[in-house]
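J.: no letters, just coordinates:
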């Protein structure tokens, strides 16, 4: 079962943090751009190679300290089929290094269409990407999520359904109130109901939720609704979420959330905090340092709150 | 302006219908599978070529009678980077044949991430797909849609925001009631507000809405809320929507909606109605026949309701 395996890895590494691979063009060091683009800044093949090389270096520096990576497909899809090829190579490489792959794709469509997505992202046959988990959008309702659930139950996969996202405008739809409950609470109830009957050895089922780390109160409320669902928490670092806000996203067993940071790790070499010790050539080492710091910071806040899983 | 150009084409062709290119494996004729897969049913390259060849034949038979096609990316993404390459070729081919391309991608993410999507799908530079319009998911709110709006205003592009989708489970989230209004009405108000100030010569702005053809009452209600927004209406045919339900989706000027059919056109050769005259080798001709029949059926119902645009 996906969540059981993920928890095992989290405990083994004593780390609840995952690294978001969001290779935005602006975050990629100039020396790599010079080397791989050779002045042709708009050649999709070269740009895709650049994304791969950059991401691989990040993976090489964090694979032994974090349980999972979360590649954001948009930054690859930006370069079309060449970019998607790079995405496939990044996922393949991370997998060979033993990392869980949570593909951040936020797909959502009618059932027959989502079946196609589920085959590609969560399928194991030839021509499938064989990720461990993906993110899914709930706006189209249950029948749009069913094809992914099937892969969770019968294929040891996981999904994280968008419940309360980390961006400011998440309030526009997600915070509307219906029958005394926010839409994100209704989405949370859907997550609970979809996960019913699929609890693993650790008490969690493979139907997870995306809960932004930028809304502490909402995070705590959602923890109390979705006790047996794992949270994927974006928004830490660059988006403004801080470690002291996060213990409430965890259960008393010290489990229940994986915290993602993207720019704060893969772009650590650009941050004031790391600039003195690292430069654009040592961006991999800076990423490792930032990932270790993040692990320690989250763990220390969890310890203060008596929520320790090991 | 996208919607002005689209309306011009609709009037020129006297056709409100568009063809959804959803090449589900089961819909593709056996003789093509035999020819292109050569027994290797899981070779992504061959499968992608099959999707392209199938789609091209459809386009060849409808490009002169319909204003636009709506390729569904999931059926291409199913085969990863090879599939996306086929998607790019299909879009390029349809464009060369003079069709508007509405890429059905239903993307939605935080702003910085949606910028990457908007560059690829709606950008015009090298490495961009340069579609005319795409479908967008509203669950993350306004800041997630802004990067697409920018391309509508400054790049002559269009978007169709999911408001009320055609599937049964659309009720799960979209039909929840907040302050006396359904969530889809709140989404509709967001569409209206995003379109404000961008009205074109025909009275419509480039921010459209996806409104399922399977919910007649909701369609009529939404028409009255979003007077200046074009509707993309899925659900006709295979999903159960019928022409008599659709006049209420149009304004008094006889405009305001494009009606999509996918399986009912590209898989027409499989339907009882067309089986006598067509077979799997003449699936292109069957698609043309079905597209003409659909055009006539929609037009006749619009005429009955005194909603004629030409």
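T.: Received the coordinates, thanks. All of these numbers come straight from a predicted model, not from anything done at the bench.
J.: what's in contact with the helix or strand hosting residue A:260?
T.: Taking DSSP states H and E as the definition, residue A:260 sits inside strand A:257-261. Applying C-beta atoms under 8 Å, 6 or more residues apart in numbering or on different chains, the set of residues contacting strand A:257-261 from outside is A:6, A:10, A:16-20, A:67-68, A:70, A:211, A:213, A:230-238, A:246, A:249-250, A:290-291, A:294, A:298. Yep, even glycine has a C-beta here, placed from its N, CA and C like the rest.
J.: so which elements touch the helix or strand that comes right after it?
T.: Going down the chain from strand A:257-261, the next helix or strand is helix A:263-266, by DSSP H and E. Helix A:263-266 makes packing contacts with strand A:17-21, helix A:44-62, helix A:283-304 when contacts are defined by 3 or more C-beta pairs under 8 Å, 6 or more residues apart in numbering or on different chains; DSSP states H and E.
J.: helix or strand next in line after helix A:263-266, which one?
T.: Where DSSP H and E defines the elements, the next helix or strand beyond helix A:263-266 is helix A:272-275.
J.: buried ones in that next one?
T.: For helix A:272-275, a neighbour-count test (16 or more other C-beta atoms under 10 Å in any protein chain shown) marks residue A:274 as buried.
J.: name the helices or strands packed onto it?
T.: For helix A:272-275, the packing partners by 3+ C-beta pairs under 8 Å, 6+ apart come out as helix A:283-304.
J.: for the helix it packs on, the distance to its chain's centre please.
T.: Chain-centre distance of helix A:283-304: 16 Å, with C-alpha atoms, centre = their mean, to the nearest Å.
J.: tell me the angle that helix makes with helix A:44-62.
T.: Here helix A:283-304 runs at an angle of 50 degrees relative to helix A:44-62 (axes from the mean of the first three to the mean of the last three C-alpha atoms, to 10 degrees).
J.: what mean pLDDT does helix A:283-304 have?
T.: The average pLDDT for helix A:283-304 rounds to 98.
J.: check the offset of stretch A:225-241 from the chain's centre.
T.: Centroid separation for stretch A:225-241 versus its chain: 9 Å, with C-alpha atoms, centre = their mean.
J.: that one: end-to-end distance?
T.: This stretch, stretch A:225-241, spans 21 Å end to end (C-alpha to C-alpha, to the nearest Å).
J.: what does stretch A:7-21 give?
T.: Terminal residues of stretch A:7-21 are spaced 21 Å apart (C-alpha to C-alpha).
J.: pull out the buried positions in that stretch.
T.: Quick answer for stretch A:7-21 (16+ other C-beta under 10 Å): A:7, A:9, A:10, A:11, A:13, A:15, A:16, A:17, A:18, A:19, A:20, A:21.
J.: got JSON lines for the residues you listed, with distance to chain B and pLDDT too?
T.: Putting these into JSON lines (distance: C-beta to the nearest C-beta, whole Å; pLDDT from 0 to 100) gives the following:
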{"residue": "A:7", "distance to chain B": "27", "pLDDT": "98"}
{"residue": "A:9", "distance to chain B": "26", "pLDDT": "98"}
{"residue": "A:10", "distance to chain B": "25", "pLDDT": "98"}
{"residue": "A:11", "distance to chain B": "30", "pLDDT": "98"}
{"residue": "A:13", "distance to chain B": "27", "pLDDT": "98"}
{"residue": "A:15", "distance to chain B": "24", "pLDDT": "98"}
{"residue": "A:16", "distance to chain B": "22", "pLDDT": "98"}
{"residue": "A:17", "distance to chain B": "19", "pLDDT": "98"}
{"residue": "A:18", "distance to chain B": "17", "pLDDT": "98"}
{"residue": "A:19", "distance to chain B": "16", "pLDDT": "98"}
{"residue": "A:20", "distance to chain B": "10", "pLDDT": "98"}
{"residue": "A:21", "distance to chain B": "12", "pLDDT": "98"}
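J.: farthest pair within those residues?
T.: Spatial extent of the buried residues of stretch A:7-21 (C-beta to C-beta) is set by the pair A:11 and A:21 at 23.3 Å.
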